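S.K.: Sequence and predicted structure are below.
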Amino acid sequence: MAQVTIRKVEEAWVEKARAEAARRKVSMNQVLKEALRRGLGEDVEPVRRSNLDKFAGDSEFGPEWEEFLEKDLKQIDESLWS
């Protein structure tokens with residue numbers, strides 16, 4: 001393994017790495033190595049997502065929902081556009 005020094009790094013990035021290391025209770029070095037690995041496409045672990053994408057489009061709300069969408073939400077109020 002090589003030892004590398006990176007100069008002139010954004011202070012906000014350092015703070016973000018420091019906070020992530022504290023949150024995970026690991027060294028900042030580990031956080032930065034993992035970030036470099038991911039950034040270079042050498043993932044060893046899948047990136048954890050914290051959004052709701054996996055839930056998009058998976059629920060059926062029934063005919064009342066479809067009626068509401070058609071009747072109320074998809075109507076254009078002409079007075080707002082004139």
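M.R.: Yep, it's here.
S.K.: which parts of the longest helix seen in the chain are buried?
M.R.: Criterion DSSP state H: the longest helix present in the chain is helix 11-24. For helix 11-24, the neighbour count (16 or more other Cβ atoms under 10 Å) marks 17, 20-21 as buried. In short, each C-beta sits where N, CA and C put it, glycine included.
S.K.: what bits of this protein have low per-residue confidence?
M.R.: Regions of the chain meeting the criterion pLDDT under 70 cover residues 44-47, 54-55, 57-59.
S.K.: Where do the helices of it begin and end?
M.R.: Taking DSSP H as the criterion, the chain carries its helices at 11-24, 28-39, 63-68.
S.K.: got these as CSV, with distance to Q75 columns?
M.R.: Converted to CSV, the helices of the chain look like this (distance: least, Cβ to Cβ, whole Å):
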stretch, distance to Q75
helix 11-24, 44
helix 28-39, 45
helix 63-68, 11
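S.K.: what's the closest of those helices to I76?
M.R.: Among these, helix 63-68 comes nearest to I76, with 16.0 Å by Cβ to Cβ.
S.K.: what's around R37, how many residues?
M.R.: R37 has 13 neighbouring residues, counting by other Cβ atoms under 10 Å.
S.K.: hang on, I meant K8
M.R.: 4.
S.K.: mind pulling up the phi and psi values for it?
M.R.: phi 60, psi 50 (degrees, to the nearest 10).
S.K.: And it, how far from A35?
M.R.: 17 Å (Cβ to Cβ, to the nearest Å).
S.K.: next one: A56
M.R.: Taking Cβ to Cβ, one finds A56 at 27 Å from A35.
S.K.: coming back round to it: so what does the longest helix of the chain touch, helix or strand wise?
M.R.: Taking 3 or more Cβ pairs under 8 Å, 6 or more residues apart in numbering; DSSP states H and E as contact, the helices and strands that helix 11-24 lies on are helix 28-39.
S.K.: Can you point out the buried residues in the helix it packs on?
M.R.: Neighbour count says helix 28-39 has 31-32, 34 buried, by 16+ other Cβ under 10 Å.
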